[in-house]
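> Any chance you can model this:
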Amino acid sequence: QLQLVESGGGLVQPGGSLRLSCAASGFTLDNYAISWFRQAPGKEREGVSCISSSGGSRNYADSVKGRFTISRDNPKNTVYLQMHSLKPEDTAVYYCAADQGSTRYWGQGTQVTVSS
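Here you go, the predicted model:
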């Protein structure tokens, strides 16, 4: 069964850090571009960051630039999103997606809550 599984979410205070993981099973991520999205209550899903299959190209939403870092470890079949200086407005369910051509796989999401 092909699936992506996110983990690493949780409750953190403003200014804190979390590292999200996106692990694939049933397929290898080597040839897939990976994106992180998030969806806050009552809001549309938005793109947060993406990384090319080689890892040579990375992009970030303006709202997270300088605070979030995307990386990939292909031997571990995992992509990470390191988040620093978290703000209450970062609270959302975070999803990863794997893209190859017209094929996209989604994970089930992991909740990140930033609150004091």
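
> so where is the chain shaky, pLDDT-wise?
For the chain, no stretch is flagged by pLDDT under 70.

> Please enumerate the strands of it.
With strands called from DSSP state E, the chain shows them at 3-7, 10-12, 18-25, 33-39, 46-51, 58-60, 68-73, 78-83, 92-100, 103-106, 110-114.

> Give me the nearest residue to the residue nearest in space to the middle of the chain, chain neighbours excluded.
Centroid-nearest residue in the chain, with CA atoms, centre = their mean: residue 36, separated by 3.4 Å. Spatially, and ignoring its direct neighbours in sequence, residue 36 is nearest to residue 48 (4.4 Å; CB to CB, 6 or more residues apart in numbering). The C-beta positions use only the backbone N, C-alpha and C, and glycine is treated the same way.

> Run through the residues that contact that neighbour.
35, 36, 37, 38, 60, 61, 64, 68, 81, 94 (CB atoms under 8 Å, 6 or more residues apart in numbering).

> next one: residue 105
By CB under 8 Å, 6+ apart, the neighbours of residue 105 are 2, 3, 4, 24, 27, 32, 97, 98.

> list the contacts for the third one?
Residue 4 makes contact with 22, 23, 24, 96, 97, 98, 105, 106, 107, 108, according to CB under 8 Å, 6+ apart.

> who does it bridge with?
Beta bridges link residue 4 to residue 24, residue 107 when assigned by DSSP bridges.

> Residue numbering should commence at 15 henceforth.
Will do, 15 is the new start, and the previous item becomes residue 18.

> Quick check: the gap between residue 103 and residue 127.
12 Å (CB to CB, to the nearest Å).

> How about residue 109?
Relative to residue 127, and taking CB to CB, residue 109 is found at 15 Å.

> Which one of those two is surrounded by more residues?
residue 109 (21 against 15; other CB atoms under 10 Å).
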